[in-house]
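Fold the following and give me the result.
(chains A and B)
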There are 2 protein chains.
Amino acid sequence: MTKVRATNITWHEGHVNRQDREKLLGQKGVTIWFTGLSGSGKSTIAFTVEHALVERGHLAYVLDGDNIRHGLNKNLGFSAQDREENIRRIGEVARLFADTGTITLTSFISPYRKDRDQVRKIHEEAGLPFVEVMVDVPIDVCEQRDPKGLYKKARAALAEGKGMGFTGVDDPYEEPLSPEIQLDNHNIKLEEAAGVVLDYLESKGLLPQLNNS
Amino acid sequence: MTKVRATNITWHEGHVNRQDREKLLGQKGVTIWFTGLSGSGKSTIAFTVEHALVERGHLAYVLDGDNIRHGLNKNLGFSAQDREENIRRIGEVARLFADTGTITLTSFISPYRKDRDQVRKIHEEAGLPFVEVMVDVPIDVCEQRDPKGLYKKARAALAEGKGMGFTGVDDPYEEPLSPEIQLDNHNIKLEEAAGVVLDYLESKGLLPQLNNS
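Purely as a prediction, here's the structure:
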């Protein structure tokens, strides 16, 4: 048996609770759920908020297609069933992240209201704040931006009679009925959009007050 | 548009990287993967280590059956395929947790070598340390402890010809060939077992030095 050096520790078997971790981090665990069309700017805003939070000394993390679709959800496709399971798993992971005290930002189209509402429900049941952010940009603007060429691909597929179920083209986007934050991301600057999210967190006591002096 | 108060922030669109978060937390992201038979004491050790880490000011979190089987993996059963998917998902979540800089502890029987090795692989590919902890207790001792009455249930099922594929009874446990830590959890105290894990983290530079003065 290795000789143990850590002899002056007070040992506890019980679970550490969320409040202990939040106290350690000086912040509250929360999930900030960005929803909106492809090209609406969800990820850009989420990463900007993340960066501002980390600069202020807060632990924040973005879950997005890059780190989820190639890992946890790489065995899911785009059928209705798989889309539902995609959002379900992301919601469960966000809940775990928020339970650590991390400010968790998710950036997924998440087009179906019932799937988002289910994620909200598991957060509420766990006593965790859930902030739904609707990133609102008219579809024609998103389609003009088309940063990944996905709309073009979807329109081409549709013209050939091979619909791919792309949100806004041949699959519905169901707008949130009462999101915590409604962001018009068409006529404002990125900094303003990100600032609205930070202000919201502050106003709800989820962050220590910003120093604007 | 809401008037934005957060006017003095330097905005960055780029992703925050792991090193930024690790600097913020004063620790390294790592996954500590406990494996062993039911009743071997994996969870008890994991929670004891978690508690000691949080008391020392470190962010640590245990993923175990309680927070995974009722959430993320509630749609999985105990077939061979589902067991593999169970460990795969947990491995992916652990990788995400470790990427935030969190000291992530997982407590699952995880009986199959190839599943554990796959989790190790995705950590190595992400440049994240992976510490496999074999919690070694003879099966007859685990079966005598039987804290949840699972061995009794499994033996009864087997006697009735309805095997449930319980690890150690009618399903194999494949021991790690070269775990980072091999814990004989039969003849030592809980404090010693937890201390071995803490000492290992310290010795590998994953934690600031323990103060044993």
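
Next, the buried residues of the longest helix belonging to chain A.
The helix that spans the most residues within chain A, counting by DSSP state H, is helix A:80-99. The neighbour-count check on helix A:80-99 (16 or more other CB atoms under 10 Å in any protein chain shown) flags A:83, A:85-99 as buried. Backbone N, C-alpha and C define where each C-beta goes, glycine included.

swap in stretch A:190-201?
For stretch A:190-201, by 16+ other CB under 10 Å, it's A:191-201.

just stretch A:40-60 next, same as before
A:40-56, A:58-60.

returning to that earlier point: can you narrow the buried residues of stretch A:190-201 down to the ones near chain B?
Filtering these for proximity to chain B by CB under 8 Å from any CB of the partner chain leaves A:191-192, A:194-196, A:198-199.

So which of those residues belong to helices?
Of these, the ones assigned to helices by DSSP H are A:191-192, A:194-196, A:198-199.

The lowest-mean-pLDDT helix or strand in chain A and chain B, are they touching?
Ranked by mean pLDDT, DSSP states H and E, the weakest helix or strand in chain A is helix A:65-67, scoring a mean of 88. Yes. If you take CB under 8 Å from any CB as the test, helix A:65-67 does meet chain B, through residue A:67.

hang on, the earlier thing: including pLDDT, could the ones next to chain B among the buried residues of stretch A:190-201 go into CSV?
Below are these laid out as CSV (pLDDT from 0 to 100):
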residue, pLDDT
A:191, 90
A:192, 92
A:194, 94
A:195, 94
A:196, 95
A:198, 95
A:199, 94
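
out of those residues, which one sits closest to residue B:135?
Residue B:135 has its nearest neighbour among these in residue A:198, at 43.7 Å by CB to CB.

hey, where'd the strands end up in chain A?
In chain A, the strands defined using DSSP state E lie at A:30-35, A:60-64, A:103-107, A:130-136, A:181-184.

Of those, which is nearest chain B?
strand A:60-64 (4.8 Å; CB to the nearest CB).

Can you list the low-confidence ranges for chain A?
A:1-14, A:209-213 (pLDDT under 70).

if we go to 80?
Along chain A, the model assigns pLDDT under 80 to residues A:1-15, A:208-213.

Tell me which residue lies nearest the centroid of it.
residue A:106 (1.4 Å; CA atoms, centre = their mean).

Was I right to think it contacts residue A:36?
No. Checked against CB atoms under 8 Å, the pair residue A:106 and residue A:36 is beyond contact range at 11.9 Å.

ok so, going back, what angle do the longest helix of chain A and strand A:30-35 make?
150 degrees (axes from the mean of the first three to the mean of the last three CA atoms, to 10 degrees).

picking up where we left off before, which two from the ones next to chain B among the buried residues of stretch A:190-201 end up farthest apart in space?
A:191 and A:199 (12.0 Å).

List the contacts of residue A:167.
A:37-38, A:109, A:111, A:173 (CB atoms under 8 Å, 6 or more residues apart in numbering or on different chains).

Give me the subset of those residues lying in helices.
Per DSSP H, the subset of these in helices is empty.

and of those, the nearest to chain B?
The closest of these, once distances to chain B are taken by CB to the nearest CB, is residue A:38, at 18.0 Å.

For that closest one, list the residues it contacts.
A:109, A:142, A:148, A:150-151, A:166-168.

ChimeraX command for the buried members of these?
To isolate the buried ones among the contacts of residue A:38 in ChimeraX, judged by 16+ other CB under 10 Å, type:
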select /A:109,142,150,151,166,167,168
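
Quick check: of the contacts of residue A:38, which lies closest to residue B:31?
residue A:109 (29.7 Å).

which non-adjacent residue is nearest that closest one?
residue A:167 (5.2 Å; CB to CB, 6 or more residues apart in numbering or on different chains).
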